[in-house]
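> I would like the atomic coordinates for the input below:
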Amino acid sequence: MNEADEKDFVAFLRSAADIRLIEAFAPTIEELWVDGFHPIFKGHHTYAIWNTAFAWTPEYGTVGEQAHDPNSVGWRYVSNADGAPLLHMTRSNSLSGVSGRLFWAKDFAAPGGLAYDVASFSQWIDSVWRWVRRHGKKSKDLDRPAGAYRTKPAVR
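Predicted coordinates for the structure are as follows:
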């Protein structure tokens, strides 16, 4: 998705549900919670989308001294995202040509089961997949996994 696609995507999500956007890492807990995707890709490429109709209490961790990026030591993150009612998003990077990714962690991130209504969450997720299929174009690149979609402006 390019920036315009992302705005359309968030508008769609907000039209269908009360959502909250969460950055992967931020200097403070308050800065984890954002209104939209940051216009600059660097440092702002991974988000989680919470449909607040599904109860969940976020817990927070702190990036330790062994961080990959020493500048992020002390930053905060949501530590209980696995098994939470979240849609995960990695943004596309048009400069490097790397496609983004949307996924629901579902079974592989919570081997002990999920503590929310999986059937209802699945219906919401299915509406997201339908939006992506309607507004994207299936990739024909051989190096892309089967079923990969790109939004139309991103394939030009």
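> Which helix or strand contains residue 120?
Following DSSP states H and E, one finds residue 120 within helix 118-135.
> From the contact counts, what lies against that helix?
helix 3-16, strand 149-151 (3 or more CB pairs under 8 Å, 6 or more residues apart in numbering; DSSP states H and E). No exception for glycine: its C-beta is placed from N, CA and C like everyone else's.
> List the contacts of that helix.
5, 8-9, 12-13, 16-17, 51, 53-54, 85, 87, 102, 104, 106, 149, 151-152 (CB atoms under 8 Å, 6 or more residues apart in numbering).
> quick check: angle from it to helix 3-16?
For helix 118-135 against helix 3-16, the angle between stretch directions is 140 degrees (axes from the mean of the first three to the mean of the last three CA atoms, to 10 degrees).
> Spatially, what comes nearest to the residue located most distally from the centre of the chain if we skip its sequence neighbours?
Centroid-distance maximum for the chain: residue 65 at 25.8 Å, with CA atoms, centre = their mean. With CB to CB, 6 or more residues apart in numbering as the criterion, residue 65 has its nearest non-adjacent residue at 5.9 Å, and that residue is residue 73.
> how close does the residue nearest the centre of the chain sit to residue 105?
Of all residues in the chain, the one closest to the mean position by CA atoms, centre = their mean is residue 89, 2.2 Å from it. Relative to residue 105, residue 89 is positioned 12 Å away (CB to CB, to the nearest Å).
> what does residue 13 give?
The gap separating residue 13 from residue 105 is 17 Å, by CB to CB.
> ok, now residue 65?
Using CB to CB, we find residue 65 at a distance of 27 Å from residue 105.
> Kindly report the same for residue 50.
Distance check for residue 50 against residue 105: by CB to CB, it reads 13 Å.
> and these two? which has more neighbours close in?
Counted by other CB atoms under 10 Å, residue 50 and residue 105 do not tie: residue 50 has more neighbours, with 21 against 17.
> so what's that one up against?
With contact taken as CB under 8 Å, 6+ apart, residue 50 is in contact with 19-22, 56, 84-86.
> what about it, distance to residue 70?
For residue 50 relative to residue 70 (CB to CB), the value is 29 Å.
> do residue 23 as well
Computed with CB to CB, the distance linking residue 23 and residue 70 is 19 Å.
> Repeat that for residue 30.
With CB to CB as the criterion, residue 30 and residue 70 are 23 Å apart.
> neighbours around the nearest residue to residue 104 once chain neighbours are set aside, how many?
Among residues not flanking residue 104 along the chain, residue 125 sits closest, at 5.1 Å (CB to CB, 6+ apart). Neighbour count of residue 125, defined by other CB under 10 Å: 18.
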